[in-house]
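got a predicted model here, sequence first, then my questions.
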Amino acid sequence: MVQNIIEVRNLSKSFDIASKEPGLKGTIKHFFRRQTKRLKVIKDISFEIKEGEIVGFLGANGAGKTTILKMLCGLIYPSEGSILVSGYLPYRRKENFLKNITLIMGQKQQLIWDLPPIESFYLNASIYDLDKFEAKKRIKKLSEMLEIDEELYIPVRKLSLGQRMKSELLAALIHEPNILFLDEPTLGLDINAQRNLRKFLQKYNNETNATICLTSHYMKDITSLCKRVICVHEGAISYDGKLDLLLKKLSPVKEVLIVCRSEDDAIKLENSNFTVKNKIKNEITIKIENNSITSSLKTILNNFDIEDLFINEPPIDEIIGKVLIKKDYDV
Amino acid sequence: MNPRKYLTVYKKFLHTSLASELEYKTNILIDLITAILSLIGSIFLLSIFFQNSGIIGGWEFEEALIIQGIYTILNGITNTWFNPNLTEIVKHIREGTLDFVLLKPIDSQFFISFKKINPSGFLEVILGIFLLIFCIKINQIDLNLSFLILSLITIICSICILYSLWFFISTTTIWFVKTWNATEVLRSFLYIGRFPLNSFSFSLRIFFSVFIPIAFITTIPSEVFLGLSQSWKILLEVIVTLLFLITSRKFWLFALKFYTSASS
């Protein structure tokens, strides 16, 4: 049986947030008497993640995804509840725990700006107790997987964002961690760079069975990498489960555009039991429930003279958008 | 803690920060010229003070030059190590890049205190050493083993006190986020350390001994050079140094519990 590598129980986090009224008066008041209020940003959440799982954290800006990730990797102390990652209490940041994890943030970088990435890799290798020979071997392996070569010897400031992100990944993975925390790793990357990064993460997960916790606003990252998603809404978990179940729940019907050979067939189809969205001459769009799509299409093909048909998946961004604004999903 | 690992990492720090600095040759050249001009300016200022009276606070010009020498070495060390590293703490905290430091299996205080060096600060250290050698000659100081050991101990103590003070102030960034000004105030107080402590009034002497330990940073090592320091003062300096180092370390570990990281 696959072991739980992350266990979170009744976790909460509160922050003191300063609030300021607008205008000069508000600024002066804020300078002399700062008003803060305690805000509970994570509210009593519990979940487990199994070894080798890729889990996507979904939520609107400020929902608390990054705070959860930072508590899981030990950067922030929890206010209440417990977290166990790989058998360690993360916030104690024990050496063996830190050698097991890595954090990659799309909007922050750790590479030395004026030097080629290779210098940062060897620096990280020495911090993780790797000898030169082992470091060289790992750099070679990872650079092949990431498809970077000459870029290793060009100063970071001269690299493109995509090349820089690949180098960041290499720097963060040189110690071969088995838990990866990724906070919007594809932020700002072009479509090809995003695809390459996803390909790499999938390959890394297949080869090393590493557990990956990922937050991203690009739905493609989530749909192509994560079988399971945890939706966070205002600091609480609104859904935790399989992504395809969530999608089915949120989008129970598919739209099918049918091109009939004649307008008569289209009229016949319009008058049958199917829910029609619209009809233009011999083209008709009907709505079919996900669980009956195969049988419905079989009936249509057997009883009507069909020239062509197209099944339209509803846009995933639109469906997930619904998750971000709703409090609870029971699937 | 594995000392061999820390030595290897420090070698890498030296290598990467030297390589980074050498990317900008003109900047290094300007820094070197600034260091030379700053030393000339300081000696000139000191000579103006001594022009009329010849003695200030019981110190002659040749003796006061020792303080200037120690100050120059300390300022060099400040520019080489403290300034590039400890001012970065503020940046690390404001921008949230301290996350990367805290997640490395290495002591975070070591990492943020020694990651960078500014090679042009070395020149100031060398100039300060030359000035001290010159002072040894003109003050006809007898060079013996105990003199060398005591001088070295007091100078190391001065460096540690200065480091602890600076690190302590930078640590407060975790709560206050921006503390550039506080470290600038500390540097301004260090300028005062160019003058003998006795040249100040009694109340200022107390202030600079107790609250901002300038006395421990420059005056006591200078007294050791001139053979004027009593052993209790040296012992006190060692105790004060240990207190400062331990307090700043404990304060850092305490402050990290309040680190909230920058939002993404």
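It's in. Residues are numbered from 1 along each chain as shown, chains lettered A, B, ... in the order given.

the closest residue to B:Phe111 other than its chain neighbours: helix or strand, and which one exactly?
Leaving aside its sequence neighbours, B:Phe111 sits nearest to B:Val101 (CB to CB, 6 or more residues apart in numbering or on different chains; 5.1 Å). Bear in mind the C-beta positions are built from the backbone N, C-alpha and C, glycine included. Assigned by DSSP states H and E, B:Val101 belongs to helix B:98-102.

quick one: that helix to chain centroid distance?
Computed by CA atoms, centre = their mean, to the nearest Å, the separation of helix B:98-102 from the middle of its chain amounts to 25 Å.

what mean pLDDT does that helix have?
Helix B:98-102 shows an average pLDDT of 92 in the prediction.

same check on stretch A:257-269?
The model assigns stretch A:257-269 a mean pLDDT of 86.

now swap in stretch B:124-144 and tell me
What stretch B:124-144 shows for mean pLDDT is 84.

list the buried residues in it.
B:Glu124, B:Val125, B:Leu127, B:Gly128, B:Leu131, B:Leu132, B:Cys135, B:Ile136, B:Ile141 (16 or more other CB atoms under 10 Å in any protein chain shown).

for the stretch 51-200 of chain B, give me the ranges with low pLDDT.
B:53-54, B:56-58, B:177-183, B:185-186, B:189, B:191-200 (pLDDT under 70).

so what's the residue count around residue 3?
No chain was given, so I picked chain A. Neighbour count of A:Gln3, defined by other CB atoms under 10 Å in any protein chain shown: 10.

let's do chain B instead
Neighbourhood size, B:Pro3 [other CB under 10 Å]: 7.

and B:Leu86, by the same measure?
22.

just the one 4 residues further on next, same as before
Using other CB under 10 Å, B:Val90 is surrounded by 20 other residues.

and it, what helix or strand is that in?
helix B:83-95.

rebuild the buried residues of stretch B:124-144 as JSON lines, extending it with secondary structure and distance to A:Ile319.
Below are those laid out as JSON lines (DSSP: H, G, I helix; E, B strand; the rest coil; distance: CB to CB, whole Å):
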{"residue": "B:Glu124", "secondary structure": "helix", "distance to A:Ile319": "64"}
{"residue": "B:Val125", "secondary structure": "helix", "distance to A:Ile319": "64"}
{"residue": "B:Leu127", "secondary structure": "helix", "distance to A:Ile319": "69"}
{"residue": "B:Gly128", "secondary structure": "helix", "distance to A:Ile319": "68"}
{"residue": "B:Leu131", "secondary structure": "helix", "distance to A:Ile319": "74"}
{"residue": "B:Leu132", "secondary structure": "helix", "distance to A:Ile319": "74"}
{"residue": "B:Cys135", "secondary structure": "helix", "distance to A:Ile319": "78"}
{"residue": "B:Ile136", "secondary structure": "helix", "distance to A:Ile319": "80"}
{"residue": "B:Ile141", "secondary structure": "coil", "distance to A:Ile319": "83"}
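
now these as a markdown table including distance to B:Gly41?
As requested, these are exported to a markdown table (distance: CB to CB, whole Å):
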| residue | distance to B:Gly41 |
| --- | --- |
| B:Glu124 | 13 |
| B:Val125 | 18 |
| B:Leu127 | 12 |
| B:Gly128 | 15 |
| B:Leu131 | 14 |
| B:Leu132 | 19 |
| B:Cys135 | 18 |
| B:Ile136 | 23 |
| B:Ile141 | 26 |
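
run through the bridge partners of A:Ile49.
A:Ile49 has these beta-bridge partners by DSSP bridges: A:Ile6.

what sits against it?
Residues counted as contacts of A:Ile49 (CB atoms under 8 Å, 6 or more residues apart in numbering or on different chains) are A:Asn4, A:Ile5, A:Ile6, A:Val55, A:Thr211, A:Cys213.

quick one: the closest residue to A:Ile316 other than its chain neighbours and A:Ala171, what's the gap?
Spatial nearest neighbour of A:Ile316, excluding adjacent residues (CB to CB, 6+ apart): A:Met219 at 4.8 Å. According to CB to CB, to the nearest Å, A:Met219 stands 27 Å off from A:Ala171.

comparing those two, which residue is more hemmed in?
The neighbour comparison of A:Met219 against A:Ala171 (other CB under 10 Å) goes to A:Ala171, with 25 against 17.

got the residue ranges for the helices in the chain?
Reading this off chain A. A:23-32, A:65-72, A:95-98, A:117-127, A:132-146, A:161-173, A:191-208, A:219-225, A:243-250, A:263-270, A:293-303, A:316-325 (DSSP state H).

actually it's chain B I care about, not the one you picked
B:3-22, B:25-53, B:61-77, B:83-95, B:98-102, B:108-114, B:120-138, B:145-171, B:173-176, B:180-192, B:202-210, B:214, B:220-225, B:231-256.

could you list every residue that touches the residue nearest to A:Ile316?
Per CB under 8 Å, 6+ apart, neighbours of A:Met219: A:Ile316, A:Asp317, A:Ile320.

my read: the last one touches A:Leu58, true?
To tie it back to what came earlier, the one meant is A:Ile320. Yes - the pair A:Ile320 and A:Leu58 qualifies as a contact (CB atoms under 8 Å) at a distance of 6.4 Å.

who has more neighbours out of those two?
A:Leu58 (25 against 21).

residue farthest from the centroid of chain A?
Distance from the centre of chain A peaks at A:Asp264, with 47.7 Å (CA atoms, centre = their mean).

and the nearest residue to A:Val232 once chain neighbours are set aside, what does it touch?
Residue nearest to A:Val232 in three dimensions, not counting chain neighbours: A:Gly59, with 3.7 Å by CB to CB, 6+ apart. With contacts defined as CB under 8 Å, 6+ apart, the neighbours of A:Gly59 are A:Lys65, A:Thr215, A:Cys231, A:Val232, A:His233, A:Leu324.
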